[in-house]
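Student: fold the stuff below for me.
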Amino acid sequence: MRERNFAVAATYFLLALVSAASAASPASAATSAPSTRPTLELTTDHPDAIYKTGEVIRFRPVLKRVGGRDDGGAETHDLHYSIVADGDRQIAGGALASAPSGPPEIIASLPKPGFVRCEVSFKSRAATRPTTMSIGAAVEPDKIAPSLPVPEDFDAFWSAQKKLLADHPAETKLIPVKSTDPAIEAFDVQIPGPQPGTNVSGYFARPIGAKPKSLPAILYPHSAGVRDSDLPHAIRGAKLGAGAIALDFNAHGVPNAQPPEFYKDLLNGALSDHRVRGMQDREKVYFRGMYLRVLRALDFLTKQPEWDGRILIVEGSSQGGGQALVAAGLDPRVTLCLASVPALCDLTGPVAGRESGWPKMLKPAADGSLDEKAVQALRYVDAMNFASRIRCQTIVSVGFVDKTCPPSSVCAAFNNIPATTDKTLVMRPTMGHQFPPDLIAAWDDVIRAHIAEMRK
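Tutor: The predicted structure follows:
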């Protein structure tokens with residue numbers, strides 16, 4: 001795996017840990033078709049798939065026969081491709097013909113910083129459906145600017161939200177639950193919020209017999225969906241390093257340990273419109289309440305007697321990754337932020353002709369116009385703007401073929417983190433909206449190293 005660090009302060013051990021997470025080249029992809037069928041490989045001519053503005057990008061699809069030999073064009077007439085640019089705009093496409101000189105090349109370029117995604121499909125004679133492979137290329141990703149600046153009263157607005165929490169002290173309920181590890185004790189945590197929908201519902205885990213002020217704290221916000229909190233995840237976090245206190249909390253403050261039908265009914269009923277709810281008003285947009293929940297969860301962890309008062313880590317992916325950026329931007333006590341393919345970034349992307357990050361609330365009308373009230377309200381819940389306030393060590397992952405959280409939205413947020421902050425961007429040209437096992441393991445290693453470094 002290759003990484004690019006756009007800041008100057010990334011520590012060497014982090015790069016070593018993350019770089020060791022994958023042995024495969026990031027700028028190539030291959031199908032996993034059965035051995036009796038040809039396989040498709042798709043590469044870029046730059047090993048890191050990173051280019052300059054106006055530079056020619058060469059995508060190279062190759063069909064392999066059984067045994068790894070080039071297909072020799074036997075089926076390349078069945079190849080079809082499309083080139084998709086920012087804003088999910090197809091800018092080229094068609095069929096690929098065989099050439100005597102070898103496999104065909106697909107050419108693209110961009111006149112400004114951004115991303116292009118190449119998708120190639122083929123259908124072998126024995127197959128019933130086409131096989132598709134994708135790879136992305138970045139054009140000066142470190143120059144992708146935020147679609148809009150941070151609002152002038154952004155800090156004042158969120159200071160008022162913090163005061164709202166402070167004015168409504170929480171009476172936390174800790175209900176013991178069965179732990180799967182004899183060395184860890186676990187609790188169902190219920191923390192009321194100052195307004196409906198701002199309560200915290202999670203699982204808290206800690207080593208049995210932990211001494212006061214002895215352990216780091218880890219917060220795990222959830223990705224999208226309506227489900228309960230993850231008890232095994234909290235227990236796993238409590239075992240990292242020499243032990244930690246860990247809180248895994250669900251995204252909507254819903255009760256834990258309910259039947260699957262309970263969460264399905266919520267998703268199809270009371271929470272069916274939550275992604276766009278109140279999006280024209282910064283006081284009513286749904287994610288404002290979600291971020292208040294993040295702050296309350298951080299307060300819970302930092303009030304635990306076992307917390308060492310120094311190390312506070314937030315890790316999440318997708319919607320959880322967006323919340324991780326928000327947490328690090330709102331709470332200066334956070335010392336490490338790990339955000340995988342973060343959502344909720346560059347929500348005003350369409351203003352700059354880009355597709356926004358999930359949940360992609362802002363959509364151009366038929367005449368190309370945008371809802372100006374929504375544009376202004378969404379700026380106050382855009383993880384990209386919280387990123388501008390981050391001062392702690394931060395690692396962000398981005399997939400070049402991510403259709404859920406487009407890479408431009410992630411880079412806009414990452415670039416908004418101050419250059420003086422210790423920040424690292426993990427870039428994977430063939431990765432979509434994923435948090436794969438090797439990155440999960442690398443994140444755990446980073447947490448262990450961070451704890452060890454902070455304790456020196």
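
Student: Ser388 contacts Thr420, doesn't it?
Tutor: No - here Ser388 lies out of contact with Thr420, judged by CB atoms under 8 Å, at a distance of 12.0 Å. Just so you know, the C-beta spots here come from the backbone N, C-alpha and C atoms, and that holds for glycine as well.

Student: of those two, which one has the most company?
Tutor: Under the criterion of other CB atoms under 10 Å, the comparison of Ser388 against Thr420 puts Ser388 first, with 18 against 10.

Student: the nearest residue to the more buried one once chain neighbours are set aside: neighbouring residues, count only.
Tutor: What sits nearest to Ser388 in space, not counting adjacent residues and going by CB to CB, 6 or more residues apart in numbering, is Asn416, at 4.6 Å. Neighbouring residues of Asn416 were enumerated by other CB under 10 Å; the total is 25.

Student: quick one, what contacts Asn416?
Tutor: Taking CB atoms under 8 Å, 6 or more residues apart in numbering as the contact definition, Asn416 lies against Pro146, Met384, Asn385, Ala387, Ser388.

Student: where do the contact lists of Ser388 and Thr420 overlap?
Tutor: When CB under 8 Å, 6+ apart defines a contact, no residue borders Ser388 and Thr420 alike.

Student: circling back: quick check: the farthest pair among the contacts of Asn416?
Tutor: The distance between the two most remote of the contacts of Asn416 (CB to CB) is 9.1 Å, for Pro146 and Ala387.

Student: any residues in contact with both of those two?
Tutor: Ala413, Asn416.

Student: who has more neighbours out of those two?
Tutor: Ala387 (30 against 22).

Student: wait, the more buried one sits on Ile417?
Tutor: Yes - counting by CB under 8 Å, Ile417 is a contact partner of Ala387 at 4.9 Å.

Student: what's the closest of the contacts of Asn416 to Glu283?
Tutor: Among the contacts of Asn416, and counting by CB to CB, the member closest to Glu283 is Asn385, at 16.5 Å.

Student: who are the packing partners of the longest helix seen in the chain?
Tutor: Scanning the chain for the longest helix, with DSSP state H as the assignment, gives helix 437-455. With contacts defined as 3 or more CB pairs under 8 Å, 6 or more residues apart in numbering; DSSP states H and E, helix 437-455 has these neighbours: helix 12-19, strand 215-221, strand 307-317, strand 336-340, strand 393-399.

Student: can you redo the contacts of Asn416 as CSV with distance to Ala138, secondary structure and pLDDT?
Tutor: Formatted as CSV, the entries for the contacts of Asn416 read as follows, by distance: CB to CB, whole Å; DSSP: H, G, I helix; E, B strand; the rest coil; pLDDT from 0 to 100:
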residue, distance to Ala138, secondary structure, pLDDT
Pro146, 17, coil, 97
Met384, 17, helix, 98
Asn385, 23, helix, 98
Ala387, 18, helix, 98
Ser388, 21, coil, 98
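
Student: out of those residues, who's nearest Ser369?
Tutor: Using CB to CB, the shortest approach to Ser369 within these belongs to Pro146, at 20.9 Å.

Student: correct me if wrong: that closest one contacts Ala412.
Tutor: Yes - counting by CB under 8 Å, Pro146 touches Ala412, with 5.2 Å between them.

Student: are there residues contacting both of these two? Which ones?
Tutor: Taking CB under 8 Å, 6+ apart as the contact rule, the neighbours common to Pro146 and Ala412 are Asp346, Met384.

Student: SS state for Ala224?
Tutor: With DSSP: H, G, I helix; E, B strand; the rest coil as the basis, Ala224 sits in coil.

Student: let me redo that: Ala160
Tutor: helix.

Student: all strands of the stretch 1-150 of the chain, in order?
Tutor: For the stretch 1-150 of the chain, the strands defined by DSSP state E, counting those that start in this stretch occupy 28-30, 39-44, 50-51, 57-64, 80-85, 89-95, 106-108, 114-122, 131-139.

Student: let me know which of those strands is the nearest to Leu425.
Tutor: Closest approach to Leu425 among the strands of the stretch 1-150 of the chain is made by strand 131-139 (10.1 Å; CB to CB).
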